[in-house]
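Engineer: Quick one: sequence and predicted model below, then my questions.
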Amino acid sequence: MARTTDWRSVWARKGDRQVAAYTHEALIELDGFDHGAGRIAPETFVQAAAEAIDALGLAAGMSVLEVGCGAGAFLWGFRGRGLRLFGVDYSPALIAHARTAIPEGTFAVAEATSLPFRADAIVSFSVFQYFPDLAYARRVLAAFADAAPVALVLDVPDLATREEAERARAAAGSPPSTHLYYPRSFFGAAETWTNALAGYGNGPFRFNALLRHRPGEP
């Protein structure tokens with residue numbers, strides 16, 4: 001399948017909307033998790049954030065950087081835990097929404113390959129499918145290793161289930177995707193497991209990867 005979608009334009013259009021009230025539901029809509037196989041309920045997002053905090057070993061006073069944070073739908077669940085919150089995204093419009101919705105956070109417009117912040121941990125939710133190719137994704141992982149000792153990459157399309165995933169998307173009313181699929185081996189020695197978010201149509205065909213870096217490791 002040719003991968004021709006101009007994702008920058010897609011996310012610019014999604015972010016170029018007025019928001020009456022910055023509720024979690026509004027951020028979920030801005031970030032595109034409100035329809036078809038990609039629908040995720042607010043309570044499911046909050047549970048996913050809690051599980052990420054546990055997996056990353058985060059505690060009050062520590063910092064977390066979300067790469068590809070969009071308007072902040074996933075980062076919303078990290079609030080109220082005493083964490084220092086950072087976020088980057090290449091969409092200026094979505095970053096503007098995130099700054100308003102999560103005023104205690106620190107946000108920047110940036111590429112995933114050039115991170116302006118350092119943190120105790122990095123999290124990236126449902127972002128890697130929008131990268132142009134695996135070579136770019138490798139550069140992103142190198143940037144992660146420079147910016148934090150641990151990173152949790154969530155909701156990665158699993159190459160082993162691609163055909164089944166596209167059938168399930170069609171059944172849920174979602175169009176055929178131009179997403180980038182990954183073999184689990186792409187993440188090397190990382191711990192991986194299937195995304196098991198309740199009620200999330202894409203979940204059974206996506207996986208999560210937990211990467212730990214030693215100082216000086218690529």
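Structural biologist: Here it is on my side, so go on.

Engineer: Tell me who's in contact with residue 88.
Structural biologist: 65-69, 95, 107-110, 112, 115-117 (CB atoms under 8 Å, 6 or more residues apart in numbering). (Glycine included, C-beta is placed from N, CA and C.)

Engineer: Ok, residue 207 next?
Structural biologist: So residue 207 contacts 156, 158, 184, 192-195 (CB under 8 Å, 6+ apart).

Engineer: how does it look with 10 Å?
Structural biologist: Residues near residue 207 by CB atoms under 10 Å, 6 or more residues apart in numbering: 153-161, 182, 184, 187, 190, 192-195.

Engineer: ranges for the helices of this structure?
Structural biologist: 7-15, 24-30, 42-56, 92-101, 134-147, 162-171 (DSSP state H).

Engineer: mind putting these in CSV, mean neighbour count included?
Structural biologist: Output for those, formatted as CSV (neighbours: other CB atoms under 10 Å):
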stretch, mean neighbour count
helix 7-15, 15
helix 24-30, 20
helix 42-56, 17
helix 92-101, 20
helix 134-147, 17
helix 162-171, 15
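
Engineer: Mind checking those for the one nearest to residue 199?
Structural biologist: Judged by CB to CB, the one of the helices of the chain that comes nearest to residue 199 is helix 42-56, at 6.2 Å.

Engineer: so what does the closest one touch, helix or strand wise?
Structural biologist: Here helix 42-56 touches helix 24-30, strand 63-67, strand 121-125, strand 150-157, strand 206-212, going by 3 or more CB pairs under 10 Å, 6 or more residues apart in numbering; DSSP states H and E.

Engineer: Under the pLDDT cut-off, which ranges of the protein? List them.
Structural biologist: Across the chain, residues meeting the criterion (pLDDT under 70) sit at 1-16, 214-218.

Engineer: quick one on the thing from earlier: in CSV, list the helices and strands packed on helix 42-56 along with distance to residue 200.
Structural biologist: Listed next are the helices and strands packed on helix 42-56 as CSV, based on distance: least, CB to CB, whole Å:
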stretch, distance to residue 200
helix 24-30, 12
strand 63-67, 18
strand 121-125, 11
strand 150-157, 9
strand 206-212, 8
